[in-house]
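Structure for the following, please:
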Amino acid sequence: MSDKKLAIIASKGTLDWGYPPFILASTAAALGYEVEIFFTFYGLQLLRKKLTVQVSSLGNPGMPMPMPMPVLLQALPGMQSMMSVMMKQKIKSKGVASLEELRTLCLEAEVRMIACQMTVDLFDFKPSEFIDGIEFGGAATFFEFAGESDVTLFI
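Sure, this is the predicted structure:
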């Protein structure tokens, strides 16, 4: 058992918001922390077998764009898909690991990943839709670990 603990709540399921919980969790695990990520609401998308997340620039004015793009243009059909393809190309060209790779790294580093059972039930998901190696639990499961954690993050 580690002396230090990191608890993370992952609540967003977009490509850009998928990176922080996996990067922080895998880094902390490499530094010897015991790590748990609680995936709730849209964050559950990050645990699905078929990872089809996209970038969402709407509501994210700090997102660097190759050229200035008004919010109205970003809302046009197809723009989210186009921006997601561009972001994935940028990630690959810079040698950054994919979300799938980071997720696997977390599993290999024994990061405990918990899918919120209430949210699974709310959205009528089936446990078979999620990757192997995760657990299902409620908020009490998260609080049990987070209450003893040195660091707790909401992402």
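
Identify the residues contacting the one residue sitting closest to the centre of the chain.
Within the chain, the residue whose C-alpha comes closest to the C-alpha centroid is G18; the distance, by C-alpha atoms, centre = their mean, is 3.2 Å. With contact taken as C-beta atoms under 8 Å, 6 or more residues apart in numbering, G18 is in contact with A10, K12, Q45, L46, V53, L99. Glycine gets a C-beta too; all of them are placed from N, C-alpha and C.

Check A7 too.
By C-beta under 8 Å, 6+ apart, the contact set of A7 is V35, E36, F38, F142, F145, A146, S149, V151, T152, L153.

Helix, strand, or coil at it?
strand (DSSP: H, G, I helix; E, B strand; the rest coil).

Could you give the bridge partners of it?
Beta-bridge pairing for A7 (DSSP bridges): E36, T152.

Distance of it relative to I37?
With distances taken as C-beta to C-beta, to the nearest Å, A7 is found 8 Å from I37.

need the helices for the chain, in chain order.
All helices of the chain, identified by DSSP state H, fall at 15-30, 71-74, 79-93, 99-108, 117-122, 139-146.

Tell me the spacing between D124 and Y42.
According to C-beta to C-beta, D124 stands 15 Å off from Y42.

so what's L46 closest to, chain neighbours aside?
Nearest-residue entry for L46: G18, 5.0 Å, with adjacent residues in sequence omitted and distances by C-beta to C-beta, 6 or more residues apart in numbering.

show me where pLDDT drops low in the protein?
Within the chain, the ranges that satisfy pLDDT under 70 run 1-2, 57-76.

quick one: contacts for Y33?
If a contact means C-beta under 8 Å, 6+ apart, then Y33 has S2, K4, K5, L6, D150 as its contacts.
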